[in-house]
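**Q** pasting a predicted model and its sequence here:
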Amino acid sequence: MSAWHTLNPAPAIQRRVGRLLLVLTTVVVVLVLRLWYLQVLEGERYLVMARNNRLRLRLVEAPRGNLFDRYGQILVDNRPSFDVYVVPEDVTDPERTAARLADLVGMPAEQVAERLAAGRSRPFTPLLLKAGVPDGTMIALEERKLDLPGVSLRIHP
């Protein structure tokens, strides 16, 4: 019977299978513990990182040049028109921003605040606040760009 035991590979295979199951079980336990750590213990940190990780596509328009009729008369030229836009999600203090913008663009603060509130349903869509502002207003807005987060100018020919 001892000769049969040495020739029978079943106990050796069972030991190998047992070791393999032990290794696989250990790997699964380590993965489950790591997932628990990342989701439960570190979940808040990764949530904050995810909220700050956003992409926004912006269209950059190219100037088109003058358009002429068949007699050589200019129909459309390249005089820029400056429009003031606000991205509601980027506005940190709506009341303060509304008050500052009202002074700069010549609109009542209540009207600016209403437009900001109306844009909250689509927070990442640029909201037209005022079209065709004069050059002086455009310069004043550019100077105060850092004090007015979420406010941008677009130039249309």
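**A** Nice, thanks for sending it over. Residues are numbered from 1 along each chain as shown.

**Q** all contacts plus neighbour counts: C-alpha atoms, from now on.
**A** OK.

**Q** in terms of helices and strands, where is Phe82?
**A** strand 81-86 (DSSP states H and E).

**Q** what's that strand packed up against?
**A** Applying 3 or more CA pairs under 8 Å, 6 or more residues apart in numbering; DSSP states H and E, one finds that strand 81-86 contacts strand 127-133, strand 151-156.

**Q** buried sites along the following helix or strand past that strand?
**A** Sequence-wise, the next helix or strand downstream of strand 81-86 (DSSP H and E) is helix 94-105. For helix 94-105, a neighbour-count test (16 or more other CA atoms under 10 Å) marks Pro94, Thr97, Ala98, Ala99, Arg100, Leu101, Ala102, Leu104, Val105 as buried.

**Q** now, which of those sits nearest Arg154?
**A** Val105 (14.3 Å; CA to CA).

**Q** my read is Arg64 is in a helix, agree?
**A** No. Judged by DSSP: H, G, I helix; E, B strand; the rest coil, Arg64 forms no part of a helix; its state is coil.

**Q** from the contact counts, what lies against the longest helix that the chain contains?
**A** Determined from DSSP state H, the single longest helix within the chain is helix 10-36. For helix 10-36, there is no helix or strand it packs on, judged by 3+ CA pairs under 8 Å, 6+ apart.

**Q** so which bits of stretch 61-74 are buried?
**A** For stretch 61-74, a neighbour-count test (16+ other CA under 10 Å) marks nothing as buried.

**Q** please read the previous query as pertaining to stretch 24-37.
**A** Across stretch 24-37, burial judged by 16+ other CA under 10 Å covers no residue at all.

**Q** now that stretch: mean pLDDT?
**A** Throughout stretch 24-37, pLDDT has a mean value of 97.

**Q** pLDDT score for the residue nearest the centre of the chain?
**A** Nearest to the mean C-alpha position of the chain, by CA atoms, centre = their mean, lies Arg54 at 2.6 Å. pLDDT recorded at Arg54 is 76.
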